[in-house]
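> Output the structure for:
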Amino acid sequence: MKKICFSFIALVCVSFTAAYSYAEKSLNIEYILDASNSMNEPLPSAEKKIDVAKKVMCNLIDNIATEATGKVNLGLRIYGANFQPTQTKEQACMDSVLALPMTGVNASALKEKINSVVAAGFTPIAYSLELASKDFTVNQDNTNIMVLVSDGKETCGGDPAAVIKKLKEQGFNVPVYVIGFAVDADTKAQLESIASVSGGSYFTADNADQLTKSLAEIKQRAFEEYESTGKEVTPSDNIGGAPEIAEGEYKGALAMHETKFYKVKVYKGQIIKSAFIVKKTPYEASNGVINQTFTVKLFDNSGKDVASQAMTIEGNPAEVSSFKAEWTADKDGWVYISVSASKNHDTIGKPNSLYPKDSVPAASSYTLKVNIKGEKAEASDESMFQKYTYRDLPGGSGFEKAAEIKLNEFITESIYMKETRFYKLPIKKGTVKINVSAVTRKPWYQAMNSVINMTYTLKICDEDWAEIASQSLTVGDNPSEPFSISAVVEVGTNEELYISLSSSENHGNLGQKDLVDIYPEGFRPDATKFTILAVEE
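Numbers count the residues shown, from 1 in each chain. Model (predicted):
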């Protein structure tokens, strides 16, 4: 079980429910209480913000003390409470104190420190973020989450977003969930930037009820977040490098517009079922249009996709989503499993930008559950489970410059829109039929009038460069998942074959006869990886 450390920068909080089992995790929680002078301002209820903060935080600590086991350590950091009129601003802006280190759950000491707070000073958010990162040890087993609830922006000249960037560069990758508590437009912009840079989310709260709701949503994410189960296996970003797995459960995380691959042994007649259970990371998007599609797909031993299931998750649900793809194997061989996540899109699959546009949501946690039904036949062909070689190899720009490849090896390369890659395949004696597959993904982009189509073409030519097989696939909109194109040819007397993969420009529904400009003008979509595999049929 991973050790999880939460740095919690808070004005107010909500109580935890017993749904979270503290006995299962080691939690190091640090509360950083804002005691700046603005906390003396009243809410619409006439209560001071600082008084609300004290009351709710004390109730929170009592709840944790009741439910916690020895694996929970609570600490408290306070800034702005030690201001003295004789201090210079420079001195006052260094007022961020670790009032109680993270050692067990000392509820009485924590509440005593909280209740003694007097809101008086400045708001050194950047300085406090930097100090908070040093209050606990970071290693590969830790997950760190900051929750910043502030009624004002930085008043000490610091740059909170720059601090977060620096911490990330140092390996302290901390998503910060930020709540703006009755803030003005300038303060909101700064607080949003903290959430954006860190990969967290921003929430607005103008009163106590909204603040409670926002914190409850963050609490759901931070403390009752779906915990991926199963083994940790490092997947590949392409089919050729897929690690071998067996029946069981495997956990991981998917960033936006990301695909990961695994492979598993399956015998003819067996049914493989791949269940995908995902907890979508919450985020905000333009006009409140929030949709993200997740896909699980199966590919057979030759790289052909044979089964797929997708689910579009609307909004930011607290619950997990689950679905599966299954297939009955038609022969012995590897089955490759891909899991994918799209970027945000509208209800018909067109791109819809995040808010703010440069925000980077944290990866969504998932569990991949693999189940194989049926017995292995006595006459099973174990030779079908040879491990194909795998290498990166740039393709040539024409027949003369075609890069040489071999049977039974995965070749990976990147391709931009409007490009063609060429490969030469020597044929060994006795080979009768060849199956060639290309597995790739379409780049993500927007186009004029949201007309988004690209066509991919796989061609096989003989030793004289004459075309003997061709397969094309037009991909509309911006699907997250990879797809494959396959072609089978008789070798005949050829001593070598030539294979090419082409990607078109963006076009309308009439194919490349009606090209459609990409939006904005001059934008060039990213290159996407593809993998070529040639096997004897």
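> and Ser286, what does it touch?
Ser286 makes contact with Asn352, Ser353, Leu354, Tyr355 under the criterion C-beta atoms under 8 Å, 6 or more residues apart in numbering. In short, each C-beta sits where N, CA and C put it, glycine included.
> Please report how far the second one lies from His345.
Pointing back at Ser353 there. 10 Å (C-beta to C-beta, to the nearest Å).
> These two: which is more packed in?
His345 (22 against 15; other C-beta atoms under 10 Å).
> Show the contacting residues for that one.
Contacts of His345 (C-beta under 8 Å, 6+ apart): Asn291, Gln292, Thr293, Pro351, Asn352, Asp477, Asn478.
> at 7 Å what do you get?
His345 sits next to Asn291, Pro351, Asn352, Asn478 when contact means C-beta atoms under 7 Å, 6 or more residues apart in numbering.
> which residues does it bridge with?
Taking DSSP bridges, one obtains Pro351 as the residues bridged to His345.
> helix, strand or coil for Leu33?
Secondary structure assignment for Leu33 (DSSP: H, G, I helix; E, B strand; the rest coil): strand.
> Might one say that it is in contact with Ser116?
No - if you go by C-beta atoms under 7 Å, Leu33 and Ser116 don't touch, sitting 11.0 Å apart.
> The two: who's more crowded?
Neighbours of Leu33 and Ser116, each counted by other C-beta under 10 Å, are more numerous for Leu33; the result is 27 against 11.
> which SS state does the nearest residue to that one once chain neighbours are set aside fall under?
Nearest non-adjacent residue to Leu33, counting by C-beta to C-beta, 6 or more residues apart in numbering: Ile78, 4.8 Å away. Classification of Ile78 by three-state DSSP places it in strand.
> Now do the helices in this protein.
For the chain, the helices defined by DSSP state H cover 49-67, 89-92, 107-115, 125-132, 160-169, 185-198, 208-223.
> wait, isn't Met256 in contact with Pro361?
Yes - Met256 is within contact range of Pro361, at 6.4 Å (criterion: C-beta under 7 Å).
> And these two? Which one has more around it.
A direct count of neighbours by other C-beta under 10 Å for Met256 and Pro361 places Pro361 higher, at 23 against 19.
> show me what contacts that one?
Contacts of Pro361 by C-beta under 7 Å, 6+ apart are Gly199, Met256, Thr281, Tyr283.
> hang on, the last one packs against Leu354?
Looking back up the chat, that one is Tyr283. Yes - the pair Tyr283 and Leu354 passes the contact test of C-beta under 7 Å, sitting 6.0 Å apart.
> before we move on, the earlier item: can you turn the buried subset of the contacts of Ser286 into a selection I can paste into PyMOL?
To isolate the buried members of the contacts of Ser286 in PyMOL, using 16 or more other C-beta atoms under 10 Å:
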select buried, resi 352+354+355
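> which pair in the contacts of Ser286 spans the largest distance?
Asn352 and Tyr355 (9.6 Å; C-beta to C-beta).
> list the residues that contact both of these two?
Ala285, Ser286.
> on that earlier part again, can you tell me which of the helices of the chain is most buried?
helix 125-132 (a mean of 23; mean count of other C-beta atoms under 10 Å).
> Export it to PDB, keeping only CA atoms.
Coordinates of each C-alpha in helix 125-132 appear next as PDB, following Å, rounded to 0.1, in the frame of the first residue of the first chain:
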ATOM      1  CA  ILE A 125       1.000  32.200  -0.100                       C
ATOM      2  CA  ALA A 126       4.100  31.500  -2.200                       C
ATOM      3  CA  TYR A 127       6.400  31.400   0.900                       C
ATOM      4  CA  SER A 128       4.000  29.100   2.700                       C
ATOM      5  CA  LEU A 129       3.700  26.700  -0.300                       C
ATOM      6  CA  GLU A 130       7.500  26.400  -0.400                       C
ATOM      7  CA  LEU A 131       7.800  25.700   3.300                       C
ATOM      8  CA  ALA A 132       4.900  23.300   3.300                       C
END
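> residues in contact with the residue nearest to Phe83 when sequence neighbours are not counted?
Among residues not flanking Phe83 along the chain, Gly121 sits closest, at 3.3 Å (C-beta to C-beta, 6+ apart). Going by C-beta under 7 Å, 6+ apart, Gly121 touches Ala35, Ser36, Asn37, Gly80, Ala81, Asn82, Phe83, Ala92, Asp95.
> which of those count as buried?
The neighbour count (16+ other C-beta under 10 Å) marks Ala35, Ser36, Asn37, Gly80, Ala81, Asn82, Phe83, Ala92, Asp95 as buried among those.
> Against Ile452, how distant is the nearest residue in space to Ser353 that is not next to it in sequence?
What sits nearest to Ser353 in space, not counting adjacent residues and going by C-beta to C-beta, 6+ apart, is Ser286, at 5.0 Å. Distance of Ser286 to Ile452, computed by C-beta to C-beta: 18 Å.
> List the residues that contact Gln190.
Applying C-beta under 7 Å, 6+ apart, the residues near Gln190 are Lys153, Glu154.
> again, 6 Å this time
Listed by C-beta atoms under 6 Å, 6 or more residues apart in numbering, the contact set of Gln190 reads Lys153.
> Give me the distance between it and Pro356.
Applying C-beta to C-beta to Gln190 and Pro356 gives a distance of 12 Å.
> same thing with Ala205?
18 Å.
> Neighbour count: those two, which is higher?
Ranked by neighbour count (other C-beta under 10 Å), Ala205 and Pro356 place Ala205 first, with 21 against 15.
> Distance of that one relative to Pro525?
Counting by C-beta to C-beta, the gap from Ala205 to Pro525 is 38 Å.
> Who does Val436 form a beta bridge with?
Ala487, Ala534.
> Verify the contact between it and Ile532 for me.
No - in this structure, Val436 is not within contact of Ile532 by C-beta atoms under 6 Å, at 7.0 Å.
> got a pLDDT number for Asp51?
As predicted, Asp51 sits at a pLDDT of 86.
> typo on my end, it should be Lys424
97.
> quick one: it and Ala403 touch, right?
No - between Lys424 and Ala403 there is no contact under C-beta under 6 Å: 7.0 Å.
> more crowded one of these two?
Applying other C-beta under 10 Å to Lys424 and Ala403 shows that Lys424 carries more neighbours, namely 19 against 16.
> show me the contacts for that one.
Residues counted as contacts of Lys424 (C-beta under 6 Å, 6+ apart) are Ala402, Glu404, Glu496, Tyr498.
> Give me the spatial nearest neighbour of the second one, chain neighbours excluded.
If you skip the residues right next to it in sequence, Glu404 has Lys424 as its closest partner in space, 4.9 Å away by C-beta to C-beta, 6+ apart.
> What residues are bridge-paired with the one you found?
Glu404, Tyr498.
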